[in-house]
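**Student:** got a sequence here, can you build the structure:
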Amino acid sequence: MLIGHDIRRPLDPTILEAKVRQRADGYKEVWIRFSVDADAWEEFERERDAAGAPGGFSYSASEHVAVVPAINTLSAASVTLEADAYHWSDQDLLAAAEDLRAVGSVNVGRRYQFGLEPIPIVVLTLGVIPILTGLLANAIYGGLEPFLRKGRRTTFQFHVEREGGNVVDARLETDNPEALRNAIDSFDRLVNPGQLYEWDENQQDWKPLRPNAERADPEGPAPCP
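**Tutor:** Okay, here's the model as predicted:
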């Protein structure tokens, strides 16, 4: 659960109860009770009030498109590529997968966000990834570079699963090919399990981010950011 579909702003809820309820107008609604970080929830409510949002949650999901097999059939690595269907076509996704299959088999999916104009987000999950060679880094860059658009920043979200089970998440927002290139070349600096990183274009390095752990316990139908 994220504020504004932003992985830097997790609510990290603990679900206490959830059910589908029938409404008087004939529609159904999802009702949940959960505990979340107190400060994050207050920030969420302030932004909701400022936007005049009526309530509820928006959500994102993905739909499977295809599996593109790896060039090296012996590779244990896997790739999942998801990009927002509002901004990119299936053809864009499949073209990117042709580069990414040098890393491993590629699961391609359309990403859906429900909003007036969804944020241009590309999600790349790299599974069982060894130390990146220049060849693999080139393949990742070649697959992702077409998602850049001059004058409009694309958000790249990376989920990197290392051999041994360590998992790291990272985020890059840019319209600059050089920033994307440098960030990918620095993937091997993403070493702390469970950590979220963000690319710092000024420092040309991955910067660790740490969420607050304090929690609160709101109840009832939750409002939308």
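
**Student:** for the protein, what are the low-confidence residue spans?
**Tutor:** Counting by pLDDT under 70, the low-confidence segments of the chain come to 3-4, 55-57, 115-116, 129-131, 210-225.

**Student:** for it, what spans make up the helices?
**Tutor:** Per DSSP state H, the chain carries helices over the ranges 38-51, 90-100, 134-144, 177-185.

**Student:** and the longest one, what does it pack against?
**Tutor:** What it means is helix 38-51. With contacts defined as 3 or more CB pairs under 8 Å, 6 or more residues apart in numbering; DSSP states H and E, there are no secondary structure elements packing on helix 38-51. All C-beta spots, glycine's among them, are computed from the backbone N, C-alpha and C.

**Student:** where do the strands sit along this protein?
**Tutor:** If you assign secondary structure with DSSP state E, the strands in the chain sit at 14-22, 28-35, 60-68, 78-84, 105-113, 121-129, 154-162, 167-174, 196-200, 205-209.

**Student:** residues contacting A76?
**Tutor:** G104, V128 (CB atoms under 8 Å, 6 or more residues apart in numbering).

**Student:** start the count at 52, not 1, going forward
**Tutor:** From this message on, residue numbering opens at 52, which makes the last subject A127.

**Student:** in the chain, which residue is closest to the centre?
**Tutor:** When the chain is reduced to its mean C-alpha position, the nearest residue by CA atoms, centre = their mean turns out to be Q208, at 4.2 Å.

**Student:** what bridges to that one?
**Tutor:** With DSSP bridges applied, the residues forming beta bridges to Q208 are V174, R222.

**Student:** repeat that for the one 10 residues further on.
**Tutor:** Legend: beta-bridge partners of V218 under DSSP bridges are E212.

**Student:** quick check: it touching L247?
**Tutor:** No. With the criterion set as CB atoms under 8 Å, V218 and L247 do not qualify as a contacting pair; they are 10.7 Å apart.

**Student:** more neighbours: which of these two?
**Tutor:** Higher neighbour count among V218 and L247: L247, with 20 against 14, using other CB atoms under 10 Å.

**Student:** my guess is the more buried one contacts R59. True?
**Tutor:** Yes. The pair formed by L247 and R59 meets the contact definition of CB under 8 Å, at 6.9 Å.

**Student:** what's the overlap in contacts for those two?
**Tutor:** R222, L260.

**Student:** before we move on, back to that, can you redo the helices of the chain as TSV with distance to V130?
**Tutor:** Formatted as TSV, those follow (distance: least, CB to CB, whole Å):
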stretch	distance to V130
helix 89-102	31
helix 141-151	5
helix 185-195	8
helix 228-236	13
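
**Student:** want to throw the ones you listed into TSV with distance to W82 and mean neighbour count?
**Tutor:** Listed next are the helices of the chain as TSV, based on distance: least, CB to CB, whole Å; neighbours: other CB atoms under 10 Å:
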stretch	distance to W82	mean neighbour count
helix 89-102	17	14
helix 141-151	35	17
helix 185-195	39	18
helix 228-236	40	18
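
**Student:** among those helices, which comes closest to E80?
**Tutor:** Each of those was checked against E80 via CB to CB, and the shortest separation belongs to helix 89-102, namely 17.0 Å.
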